[in-house]
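Undergrad: What would the 3D arrangement of this be:
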Amino acid sequence: MLRIHFTARDLEYVRIARGPDPLWEIVCSVCRLQTDEGRIAFGPWRRAVTPLLRGGGGGGGGGGGADRAVALALRSLMPCGPYIPDFLTPAVDGGNADLRQGVDRVLSTPRSRLRREFTLLAESEARTLPFKGPGPEARVRPFAAEQLARGDAAALRALGGLLTAYEAAFVAPYRPWIDAAVASDVAWRSRELAAGGVRALLETFRPMARWSPPVLEVTYPVERDLHLAGRGLLLVPSYFCWRKPITLFDGALLPVLVYPVEKPVQPPAAASDASLTRLLGPTRAALLYEVALRGCATTSELALAVGCSLPNTCQQLAILREAGLAACRKEGRCVLHHPTPLGCRLLETAGAGPAGDRCRCPGPRRSHPDEGPRRFHPDERVRRAWPVRCHASAIRAAGLREGTPQGGRPDRPESPVPQGSAGSRGPGQGGTTCAVSYERQ
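TA: Predicted structure coming up:
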């Protein structure tokens, strides 16, 4: 068990990384190749990279066995055991360094630290674990161990090339899966942090961690105590981390806790032409904006924000998920919705995103200071959706095919159908949303 000891100052400096750390994803994915853990969660990824491990090529390493050689070399430096050299995952305060910055930090590791960590690696018995792939299961000698321990510039550049090539072949093609899973996790935990503070945030890590003030008890393969001593704690979400959180071996380094995120069994659905055509409509555009604005919201909150009934809101959110613009996760009795990177990209390109300055969507208005939040009139929802729907070129720039909703032109919103008119349709009758579908509560 890992016991992380907090002080009052540490509780003020608990951070969540905004995205996955590329070097930690490399390390954890190499470990996943060495075991059969997570057969369901990592099954699609393992099946996809199996040809690379057999020397079939097709990845970013040039094929012809190059990808397998890259994986074997990194496997020798990253054994799935009690010790992995810390210099391979340099901590970045904020956790938002890209791969190039991370590799530069690896290559600038001091020689004294390289020598010390390679000595620890040589003493570790984890190198005897088999690598999942064809070939003898013999003891693996670390890649260029002597040269790297001396800080040889050529060996370090070769290591940087291995990291870059592995990421391009084994990780980058599956970035949409990784980004979607991490975005969902960060949105959920950020919501808990905003609602209940650090205590609520740490409680979200059950059952893999238990908050017993002032100690966070984490499931860990060895007994260890980590005293933060006022340095705070950086929480780094990881797609390829499995079951148990991990941290750096050297307690004197910046404290980091890498934890696994919930993984979808099936890959995110790709947006199809038909689903994107169905997407264009004022209610769905308003819902997409609200989801992106809030980052993470329940179905009831979104229904109240746009003035729709719960059944209609559920139907429209399902279409957003089908188009790949939103995702959801179940937490207790609630379903939390959050935008996908594609949905955020669409809004930002159209100038209607939460951070956009060109188009601002109006919020709920009150007819009287003493009244509560008033439900939107259809005309208000049309105006809210206008920044998204009026920019057809922005939709094309976001990589989406422009579609034409039924009963309206692609470059202007359809007129609201008066309630009770012959042309109105309710939920489940097809077509775009109209007055009847979102006025009846």
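
Undergrad: what secondary structure does the closest residue to S238 other than its chain neighbours sit in?
TA: Excluding its sequence neighbours, the residue lying closest to S238 (CB to CB, 6 or more residues apart in numbering) is V258, at 5.0 Å. From N, CA and C alone the C-beta is placed, and that goes for glycine too. Following DSSP: H, G, I helix; E, B strand; the rest coil, V258 is assigned to strand.

Undergrad: where does V258 land on pLDDT?
TA: We have a pLDDT of 95 for V258.

Undergrad: just checking, it touches P245?
TA: Yes: between V258 and P245 a contact is recorded at 6.1 Å, counting by CB atoms under 8 Å.

Undergrad: So for the two, which residue has more residues nearby?
TA: Comparing V258 with P245 by other CB atoms under 10 Å, the one with more neighbours is V258, at 25 against 22.

Undergrad: List the contacts of the more buried one.
TA: For V258, the contact set (CB atoms under 8 Å, 6 or more residues apart in numbering) comprises 21, 24, 28, 236-238, 241, 245-247.

Undergrad: go with 6 Å
TA: 24, 236, 238, 241, 246 (CB atoms under 6 Å, 6 or more residues apart in numbering).

Undergrad: Now for S300, how many residues are close by?
TA: With other CB under 10 Å as criterion, S300 counts 12.

Undergrad: Quick check: it vs A187, distance?
TA: In this view, S300 and A187 are 17 Å apart by CB to CB, to the nearest Å.

Undergrad: what's the answer for T298, then?
TA: For T298, the distance to A187 - CB to CB - is 12 Å.

Undergrad: Quick check on these two: which one has the bigger neighbour count.
TA: Shown here are T298 and A187; by other CB under 10 Å, A187 has more neighbours (20 against 17).

Undergrad: quick one: secondary structure of the more buried one?
TA: Recorded secondary structure, A187: helix (three-state DSSP).

Undergrad: again with the one 4 residues further on
TA: Remark: R191 carries the secondary structure label helix [criterion: three-state DSSP].

Undergrad: Chain neighbours aside, what residue packs nearest to it?
TA: Distance criterion CB to CB, 6+ apart; nearest residue to R191, sequence neighbours excluded, is C296 at 4.4 Å.

Undergrad: Tell me who's in contact with that neighbour.
TA: 187-188, 191, 336, 338.

Undergrad: and L163, how many neighbours?
TA: The number of residues packed near L163 is 23, by other CB under 10 Å.

Undergrad: before we move on, which element is it in?
TA: Assigned by DSSP states H and E, L163 belongs to helix 153-166.

Undergrad: Which strands and helices lie in contact with that helix?
TA: Helix 153-166 is packed against helix 66-77, helix 99-107, with contacts defined by 3 or more CB pairs under 6 Å, 6 or more residues apart in numbering; DSSP states H and E.

Undergrad: If we use 7 Å, what do you get?
TA: helix 66-77, helix 99-107, helix 145-149 (3 or more CB pairs under 7 Å, 6 or more residues apart in numbering; DSSP states H and E).

Undergrad: and for the second one, what are the contacting residues?
TA: Helix 99-107 is contacted by residues 22-23, 87-88, 90, 156, 159-160, 163-164, 167 when judged by CB atoms under 7 Å, 6 or more residues apart in numbering.

Undergrad: Residue ranges in the stretch 301-441 of the chain under the pLDDT threshold?
TA: Residues of the stretch 301-441 of the chain that meet the criterion pLDDT under 70 lie in 348-441.

Undergrad: Am I right that L226 falls within a strand?
TA: Yes: according to three-state DSSP, L226 belongs to a strand.

Undergrad: what residues are up against it?
TA: So L226 contacts 2, 4-5, 247, 251, 255 (CB under 7 Å, 6+ apart).

Undergrad: just checking, which of those belong to strands?
TA: 2, 4-5, 247 (DSSP state E).

Undergrad: and those as a markdown table, adding distance to E146?
TA: Below are those laid out as a markdown table (distance: CB to CB, whole Å):
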| residue | distance to E146 |
| --- | --- |
| L2 | 32 |
| I4 | 35 |
| H5 | 38 |
| T247 | 28 |
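
Undergrad: Report the buried members of those.
TA: For the ones in strands among the contacts of L226, a burial check counting by 16 or more other CB atoms under 10 Å picks out 2, 4, 247.

Undergrad: these two touch, right, the last one and L254?
TA: I take that to be T247. No: T247 is beyond contact range of L254, at 10.5 Å (criterion: CB atoms under 7 Å).

Undergrad: looking only at pLDDT, what's the mean for stretch 149-163?
TA: 94.

Undergrad: what comes up buried for that stretch?
TA: 149, 151-152, 155-156, 158-160, 162-163.

Undergrad: could these be laid out in JSON lines, adding distance to Q101?
TA: Shown next, in JSON lines, are the buried residues of stretch 149-163 (distance: CB to CB, whole Å):
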{"residue": "A149", "distance to Q101": "24"}
{"residue": "G151", "distance to Q101": "20"}
{"residue": "D152", "distance to Q101": "22"}
{"residue": "A155", "distance to Q101": "21"}
{"residue": "L156", "distance to Q101": "16"}
{"residue": "A158", "distance to Q101": "19"}
{"residue": "L159", "distance to Q101": "16"}
{"residue": "G160", "distance to Q101": "12"}
{"residue": "L162", "distance to Q101": "17"}
{"residue": "L163", "distance to Q101": "12"}
